[in-house]
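Asks: predicted model and sequence below, questions to follow.
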Amino acid sequence: MKEDTLRKLKVLAEAAKYDVSCSSSGTVRRGVKGGVGNTVGGIGVCHSFAEDGRCISLLKVMLTNYCIYDCAYCVNRRSNDIPRATLSVSELVDLTMEFYKRNYIEGLFLSSGVVRNPDYTMERLVRVAKDLRTAHRFNGYIHLKSIPGASRELVNEAGLYADRMSVNIEIPNEASLKLLAPEKDHASVYRPMGYIQQGALESREERRKHRHAPRFVPAGQSTQMIVGATGETDRDILTLSSALYGRPTMRRVYYSGYVPVNTSDPRLPALKQPPLVRENRLYQADWLMRFYQFRVEEIVDEAHPDLDLEVDPKLAWALRHPEQFPVDVNRADYEMILRVPGIGVKSARLIVCARRFGRLTSYDLKKMGCVMKRAQYFITCGELEAKGVNELHPEGVRSLILQPKRRKKGGELQLALPFREEPV
Amino acid sequence: MNVSAEEEWVFAYDRTWDGMLTAVFDAFVRRQFPVAFIGEGEVPPLFVRTHRVVTDEEKAGRVLRALRRKLSAGAVTGLATSLYSELPELDLHLFRFVCKALRAERSIETNFADADVLFVTDTYRKVLRERLRMMQFVRFQKTADGTYFSMIEPDFDVLPLVVPHFSDRFGEERWLIFDRRRRYGYYHADHRAVRVTFDEGAELFRLPDGRLGGAMRDADEADYQKLWRTYFKAICIKERLNPRKHRKDMPVRYWKYLTEKQEDMPAACPPSEK
């Protein structure tokens, strides 16, 4: 039986790995008597890190990778000839409990291919969550995927067991989605999102009246967009993210650089490498919107619909707006200090706390963790002599920052004279 | 204050929080401010005089009460926690931090331009990071009698700091987490965790990489380890390999006790009696 489980786990983990979300954050729940597990609030806990550098926090598997749909971007589409498997509810519950007790994982992230119809699939997902919570008193983290097109009743039931739910948008533009996944539309994605949001808001209202009213998806919802499979600009993607973050329960939007899983499909671009740099820049822009008080129009606009791949979006913004600099770190608002390239949330907080005790020098800033290589052109702190962005011009600063690090080894600096045999 | 140049003092103390507070008390009473700290039993440097701090709860309590009036509760906890780092260079910074805080009109805890404040705060943060790493990287193995066992070797002495987390998480289980380098562990049973030590000859010290041998582990243990290793390999996207980030997030020095980084167990063992 174990050999069989081993094979299924391998197939279904490989089927689920292209889903990026893995966070276990957002819920604080202490252990309970007779139960197993708790959830650590705030940042969550990553238990391991795969060799691709992504964290492993939850047991991320699919219940089955059989699917009735044929979405071009998906490795599990029905026209692909890949090994298929289905885990039984009890097998999966057992795996989750045993892994959890060995501290391998924070909980379960369960998704599924669509078999028969969305409701049938969703019902099985809910059964796993219910079994874990009620029969096994599992108190760890559960992230459930809501199957597009599932009915409201099932989503509502799932929300009672799950910490977080998610529905993937995948393709930000509906026309492109229609092209790649003819059986899907945006409405089938936004509808369950609406159910989740409404359930969460209702429960929040309930809990205000009765302290013990059940919690509904306490860690909110997340979604994911594939980057680089279709022609959307970063502006399209980020504008959509920004709108999603405006919704009450949306906590995270993930960006997944398209990994060419279905190479033969003519509707998809032929990529040698997944667009990793672009994906990284999108996450940086996402962070700017969530933690640095940037508006989406400041990061991308009509003149710059795509993010600069060479420099991060914050530096790109600063180079486009030299008139905002230099910023005096001893006087400027926290909001403005946050906008200085090379100063992050942590160092900005340290700066506003520390400057009440005395003037800060560039030495202090460096000690506090500011990246002076970038920050030096955008700040004044009394004694700093370096020339700023206005004297050197944005282009000059850009090339200075992009300069590769000088190696200190002597041999590298020596002029190399290529010897060549003279033709006789 | 009025310490003459030729009379430099070194304080020897037991590297506990109470010991540090007592040292502060002694310094103010004797008007001698040390140029260095050493642990108990360590050899003092040449040409200095040594004062042995005898940890005294009453003296420590008086300093602590004074300190609480000058700093926030969180900052006081931070100071005490930073000592878990066991860093020898911390002592003097911590001592000076406490003295400055006591002398200051208002709290100095956010004056990060001050070298002592920054060093102690950074050390505190490092201790918390190591604590988080233990929450991440502890791997339990189920033993034949149903106890979950884990061996660790953290950079700092953070085991006491993670015990409340595991007691909350696995309140119904029996488990043992053992710090091999510092030679003690915590055993949890019946909702209570106690500190335990073992004799030199204990089998525990002879486990290669902390892995339980055939008769000691639960019959299914090897299977679940194999399942976890399989999952760990399957979840990686080959097109995105990033070994640098992999090693940065999960430094190699932790791999020894990580199930997913170990080899499969030698062929199935005979089922052990329950």
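Replies: Thanks, I have it.
Asks: who in the stretch 151-274 of chain B is up against chain A?
Replies: B:165, B:168-173, B:220, B:223-224, B:226-228, B:230-232, B:234-246, B:249-250, B:258-260 (CB under 8 Å from any CB of the partner chain). Where you see a C-beta, it was placed from the backbone N, CA and C, and this is true even at glycine.
Asks: can you map out the strands along the stretch 151-274 of chain B?
Replies: Applying DSSP state E, counting those that start in this stretch to the stretch 151-274 of chain B gives strands spanning B:175-179, B:184-189, B:192-196.
Asks: which residue packs closest to residue B:83, ignoring adjacent ones?
Replies: Excluding its sequence neighbours, the residue lying closest to residue B:83 (CB to CB, 6 or more residues apart in numbering or on different chains) is residue B:17, at 5.6 Å.
Asks: residues near that neighbour, how many?
Replies: 18 (other CB atoms under 10 Å in any protein chain shown).
Asks: what residues are up against it?
Replies: B:60, B:79-80, B:83 (CB atoms under 8 Å, 6 or more residues apart in numbering or on different chains).
Asks: try residue A:58
Replies: With CB under 8 Å, 6+ apart, residue A:58 has these contacts: A:22, A:24, A:105-109, A:141, A:143.
Asks: quickly list what it is bridged to.
Replies: residue A:107 (DSSP bridges).
Asks: hmm, back to that, neighbour-wise, which one of the contacts of residue A:58 leads?
Replies: residue A:106 leads those on contacts (other CB under 10 Å) with 32 neighbours.
Asks: from chain B, how far off is the closest residue to that one other than its chain neighbours?
Replies: In this structure, residue A:106 finds its nearest non-sequential neighbour in residue A:24, 3.9 Å apart by CB to CB, 6+ apart. Distance, residue A:24 to chain B, by CB to the nearest CB, to the nearest Å: 11 Å.
Asks: so residue A:382, which state does it fall into?
Replies: Put simply, residue A:382 is coil when judged by DSSP: H, G, I helix; E, B strand; the rest coil.
Asks: could I get the phi/psi values of the residue nearest to residue B:83?
Replies: phi -60, psi -40 (degrees, to the nearest 10).
Asks: and residue B:191, by the same measure?
Replies: Dihedral pair for residue B:191: phi 60, psi 20, per degrees, to the nearest 10.
Asks: hmm, residue B:171 and it touching each other?
Replies: Yes. Between residue B:191 and residue B:171 a contact is recorded at 5.8 Å, counting by CB atoms under 8 Å.
Asks: pLDDT wise, what is the residue nearest to residue A:106 at?
Replies: At residue A:24, the pLDDT value in this model is 84.
Asks: picking up where we left off before, looking at residue B:191 and residue B:171, which has the bigger crowd around it?
Replies: Legend: neighbour count by other CB under 10 Å for residue B:191 and residue B:171, higher for residue B:171 (21 against 9).
Asks: look up the closest residue to that one, ignoring the ones flanking it.
Replies: residue A:31 is the one closest to residue B:171 (CB to CB, 6+ apart), at 4.9 Å.
Asks: count of residues packed around the one you found?
Replies: Counted with other CB under 10 Å, residues neighbouring residue A:31 total 20.
Asks: any buried residues in stretch A:15-35, and which?
Replies: Going by neighbour count (16 or more other CB atoms under 10 Å in any protein chain shown), the buried part of stretch A:15-35 is A:15-27, A:29, A:31, A:35.
Asks: stretch B:139-154 now?
Replies: For stretch B:139-154, the neighbour count (16+ other CB under 10 Å) marks B:139-144, B:147-152, B:154 as buried.
Asks: circling back to that earlier point, okay if I get the strands of the stretch 151-274 of chain B as a markdown table plus mean pLDDT, distance to residue A:261 and mean neighbour count?
Replies: Below are these laid out as a markdown table (pLDDT from 0 to 100; distance: least, CB to CB, whole Å; neighbours: other CB atoms under 10 Å in any protein chain shown):
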| stretch | mean pLDDT | distance to residue A:261 | mean neighbour count |
| --- | --- | --- | --- |
| strand B:175-179 | 95 | 41 | 22 |
| strand B:184-189 | 95 | 45 | 18 |
| strand B:192-196 | 95 | 47 | 12 |
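Asks: adding distance to residue A:361, write these out as CSV.
Replies: Formatted as CSV, those follow (distance: least, CB to CB, whole Å):
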stretch, distance to residue A:361
strand B:175-179, 41
strand B:184-189, 45
strand B:192-196, 46
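Asks: domain parsing for chain B?
Replies: For chain B, automatic domain parsing gives the domain ranges B:9-130, B:138-261.
Asks: distance of residue A:27 relative to residue A:198?
Replies: Distance of residue A:27 to residue A:198, computed by CB to CB, to the nearest Å: 19 Å.
Asks: over to residue B:173?
Replies: Counting by CB to CB, the gap from residue B:173 to residue A:198 is 38 Å.
Asks: residue A:22 too?
Replies: Separation of residue A:22 from residue A:198 (CB to CB): 26 Å.
Asks: just residue A:102 next, same as before
Replies: From residue A:102 over to residue A:198 the distance is 38 Å, taken as CB to CB.
Asks: show me which of those two is the more surrounded one.
Replies: The neighbour count for residue A:102 versus residue A:198, taken as other CB under 10 Å, is higher for residue A:102 (21 against 17).
Asks: just checking, that one touches residue B:259?
Replies: Yes. At 7.4 Å, residue A:102 and residue B:259 qualify as touching, with contact defined as CB under 8 Å.
Asks: quick one, domains of chain A?
Replies: Looking at automatic domain parsing, the domains of chain A come to A:2-268, A:319-402.
Asks: winner for burial among those domains?
Replies: Greatest average neighbour count among the domains of chain A goes to domain A:2-268 (a mean of 19), per mean count of other CB atoms under 10 Å in any protein chain shown.
Asks: can you check the distance spanned by that domain, start to finish?
Replies: Start-to-end span of domain A:2-268 (CA to CA, to the nearest Å) is 39 Å.
Asks: cool, stretch A:249-269 as well?
Replies: 34 Å.
Asks: and that stretch, what's its mean pLDDT?
Replies: For stretch A:249-269, the mean pLDDT works out to 88.
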